[in-house]
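Engineer: fold the following.
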Amino acid sequence: MVIGSRIKEERLKRGLSQQQLGDLLDVTKVSVCGYENGTRTPTMETFMKLIEVLDMSPDYLLGRDINVICEEEEKYVKKIAKVDLQIINEIKKYPNLYQKMTNDLSRTVELMDRKIK
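Structural biologist: Just a heads-up that it's a prediction; the model follows:
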């Protein structure tokens with residue numbers, strides 16, 4: 001989960017323990033651990049405190065830090081996570097897989113999911 005990895009990354013940059021960050025956010029260490037592991041989602045109030053305490057933009061925390069051009073959308077430019085762009089670029093290295101995904105994305109992803117289980 002992008003939010004969790006961003007929280008952890010920024011917490012460590014600032015030399016904070018999970019307990020210290022929890023104290024700054026008025027939540028428990030267990031909550032911070034849950035945010036970082038993706039097993040818990042911060043409330044809107046906590047999300048706003050995270051932005052302030054860790055001095056980061058909401059877009060960055062949400063993983064929307066790379067601008068992409070959307071040809072079929074009303075809004076021409078959108079933001080996506082860096083990891084999403086990396087996934088796209090890796091898939092494009094395999095032309096057959098890329099072709100299958102563009103032809104029937106849902107079915108191809110479903111088959112891939114079954115394969116890794």
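Engineer: and the residue of the chain positioned farthest from its centre, how far is that from Lys117?
Structural biologist: What lies farthest from the middle of the chain is Asn96; by CA atoms, centre = their mean that is 27.3 Å. Going from Asn96 to Lys117 by CB to CB, to the nearest Å gives 22 Å. In short, each C-beta sits where N, CA and C put it, glycine included.
Engineer: same thing with Tyr94?
Structural biologist: Counting by CB to CB, the gap from Tyr94 to Lys117 is 21 Å.
Engineer: try Asp104
Structural biologist: To Lys117, Asp104 is 20 Å away according to CB to CB.
Engineer: and the two? Which one has more around it.
Structural biologist: Asp104 (11 against 5; other CB atoms under 10 Å).
Engineer: domains in this protein, by residue range?
Structural biologist: The record's domain split for the chain, according to automatic domain parsing, is 2-61, 66-116.
Engineer: checking Leu16 next. Helix, strand or coil?
Structural biologist: coil (DSSP: H, G, I helix; E, B strand; the rest coil).
Engineer: quick one, what contacts it?
Structural biologist: Contacts for Leu16 (CB atoms under 8 Å, 6 or more residues apart in numbering) come out as Leu24.
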